[in-house]
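Enquirer: I'd like to go over a predicted model; first the sequence, then the structure.
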Amino acid sequence: MTKLQLRNVSKRFQQVQALQDVSLALEAGQMLAVLGPSGCGKTTLLRSIAGFEFPDAGSITVDGEVLHDGKTHVRPEKRRIGYVPQSGVLFPHLTVAKNIAFGLSGSQHKAKRVSEMLALVGMEGLGGRMPHELSGGQQQRIALARALAPEPSLVLLDEPFSALDAGLRSALREEVRAALKAIGATVILVTHDQEEALSMADRVAVMREGCCVQVADPVSLYKYPADLCVAHFVGEATTLEAPVANGSIETLFGRLQVASGCPRNCRLATIMVRPEQFIVGQPDGQQVSGKIVKTVYYGHDALMYLKTDAQFGADEIRVRVMGAPTFSAGDLVSVAVSGDVMAYPQEEKKEQAA
Ligand code: ATP
């Protein structure tokens, strides 16, 4: 069942087109992550759904009820939406417990729910504190607890974990996701963190300059980005130039299959390869070989940067390996590519330039 539907929503602030014809549909119980560079319209999108912005055009519907269109604008407090703004503002004159209980009714139920929410965000025993006695990350967690306490069926979270350290962030992500799933909430999560988006959400929307450029499940978004900007924005990407013929490309890495949906023939395409698609090994004199230029270690994995004799227009080739890097700078390695690759045609650009 469709929980939330946006149709052609636009919003302009003076010279800035913050939202441009945004259309989205979200099924009940799904979590949608919204990713995009700073200023692309993510917060405006959430504020429009919550009712704090008045879109210039388009419609917003929840459970089939129109919240906004050319004729209707339901006030924010009537929308029954849990909204945690970026700054997570708490009521400064109320204790933590009273902040959490703000939207609840029934005194017995209230106390129990406040304790549950404090436990959820890992802040048991701190209900008596005032907001100014909390750190930024703690305030953010209480704002989250306050929004979830009334068990809203639609929850909007604007970078809820941004003020938390890495360990707490990943623990809280899991718990919040489980809590939201348990109450069957439909969620939109705005984040700058692509790992957070890919790991938490059922679907991910990528925004650019007010437009929603792609909405897909995390695997499809990562494997089949709609354009090169999305490819570089979500994850690491190595791009190289090659012609495509009959759905495959002949390269020194061997014959590569282009992903379905890509053009099957084009004179010149930009090919996108993810770092984990490159496989390196001891040079065997048969496969392409390259020299490791540098390695960067991230703990769970490492990136190795290498140069081959035939770079295919790639500035650098990035190879991901699990754990510690298996080769060092200066080593000679063989390079192969596994799996299908995305191909973005370059014909128009080249013809225009000619
Ligand atoms: P960030 O990731 O930095 O939070 P964002 O993607 O959430 O950014 P928005 O806050 O939605 O972006 O802003 C989109 C654009 O609209 C920006 O250029 C911003 O400066 C502009 N904007 C947002 N609110 C207003 C406002 N009230 N008045 C004028 N311009 C605004």
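Expert: In hand now; what should we look at?

Enquirer: Doesn't V280 belong to a strand?
Expert: Yes: judged by DSSP: H, G, I helix; E, B strand; the rest coil, V280 forms part of a strand.

Enquirer: Quick one: neighbours of it, just the number.
Expert: When neighbours are counted by other C-beta atoms under 10 Å, V280 registers 22. Bear in mind the C-beta positions are built from the backbone N, C-alpha and C, glycine included.

Enquirer: out of everything not next to it in sequence, what's closest to it?
Expert: Excluding the flanking residues, the one nearest V280 by C-beta to C-beta, 6 or more residues apart in numbering is V333, at 4.3 Å.

Enquirer: List the residues that contact the one you found.
Expert: When contacts are counted by C-beta atoms under 8 Å, 6 or more residues apart in numbering, V333 touches 280-283, 289-292, 306, 327.

Enquirer: again with R75
Expert: So R75 contacts G51 (C-beta under 8 Å, 6+ apart).

Enquirer: Just name the lowest-scoring one in the contacts of V333, pLDDT-wise.
Expert: Note: of those, the lowest pLDDT belongs to S289, at 77.

Enquirer: need the contact list for it.
Expert: 283, 308-309, 332-335.

Enquirer: That one pairs with what?
Expert: Per DSSP bridges, the residues bridged to S289 are S334.

Enquirer: pLDDT (mean, whole number) over stretch 84-99?
Expert: Stretch 84-99 comes out at a mean pLDDT of 88.

Enquirer: in it, what's buried?
Expert: Across stretch 84-99, burial judged by 16 or more other C-beta atoms under 10 Å covers 84-86, 88, 90, 95-99.

Enquirer: repeat for stretch 273-289
Expert: Counting neighbours by 16+ other C-beta under 10 Å, the buried set in stretch 273-289 is 273-278, 280, 287-289.

Enquirer: likewise stretch 123-130?
Expert: 123, 126-127, 129.

Enquirer: where in this protein is pLDDT low?
Expert: Scanning the chain for pLDDT under 70 picks out 88, 106-108, 310-315, 347-354.

Enquirer: Near the ligand, which residues of it are found?
Expert: Within the chain, the positions near the ligand by C-beta under 6 Å from any ligand atom are 13-14, 16, 18, 36, 38-44.

Enquirer: Distance to R169 and secondary structure added to the residues you listed, as CSV?
Expert: Shown next, in CSV, are these (distance: C-beta to C-beta, whole Å; DSSP: H, G, I helix; E, B strand; the rest coil):
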residue, distance to R169, secondary structure
F13, 31, strand
Q14, 35, coil
V16, 30, strand
A18, 27, strand
G36, 20, coil
S38, 19, coil
G39, 23, coil
C40, 22, coil
G41, 24, coil
K42, 18, helix
T43, 20, helix
T44, 25, helix
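
Enquirer: Pick the one among the buried residues of stretch 84-99 closest to A201.
Expert: Ranked by distance to A201 (C-beta to C-beta), those are led by V84 at 16.0 Å.

Enquirer: That closest one pairs with what?
Expert: Assigned bridge partners for V84, using DSSP bridges, are L157.

Enquirer: sorry, back to before: narrow the buried residues of stretch 84-99 to those in helices?
Expert: Using DSSP state H, 96-99 are the members of these that sit in helices.

Enquirer: Among the residues you listed, which one sits closest to the ligand?
Expert: N99 (23.4 Å; C-beta to the nearest ligand atom).

Enquirer: what's the closest one in contact with, if anything?
Expert: Taking C-beta under 8 Å, 6+ apart as the test, what N99 contacts is 90-91, 131, 142, 146.

Enquirer: how about 10 Å then?
Expert: N99 makes contacts with 90-93, 114, 127, 129-131, 139, 142-143, 145-146, 149, as judged by C-beta atoms under 10 Å, 6 or more residues apart in numbering.

Enquirer: Filter those down to the ones in helices?
Expert: Using DSSP H, 114, 139, 142-143, 145-146 are the members of the contacts of N99 that sit in helices.

Enquirer: farthest pair in those residues?
Expert: Largest separation among the ones in helices among the contacts of N99 by C-beta to C-beta: V114 and Q139, giving 16.1 Å.

Enquirer: From the contacts of V333, pick the one nearest the ligand.
Expert: So of those, ranked by how close each gets to the ligand (C-beta to the nearest ligand atom), first place is L306, at 33.8 Å.

Enquirer: give me the element the closest one is part of.
Expert: If you go by DSSP states H and E, L306 is part of strand 301-308.

Enquirer: so what strands line up beside that strand?
Expert: strand 288-297 (antiparallel), strand 317-322 (antiparallel).

Enquirer: closest one to A237 among those strands?
Expert: A237 lies closest, by C-beta to C-beta, to one member of the strands paired with strand 301-308: strand 317-322, at 8.3 Å.

Enquirer: Between the two ends of stretch 27-39, how far is it?
Expert: End-to-end distance for stretch 27-39: 27 Å, by C-alpha to C-alpha, to the nearest Å.
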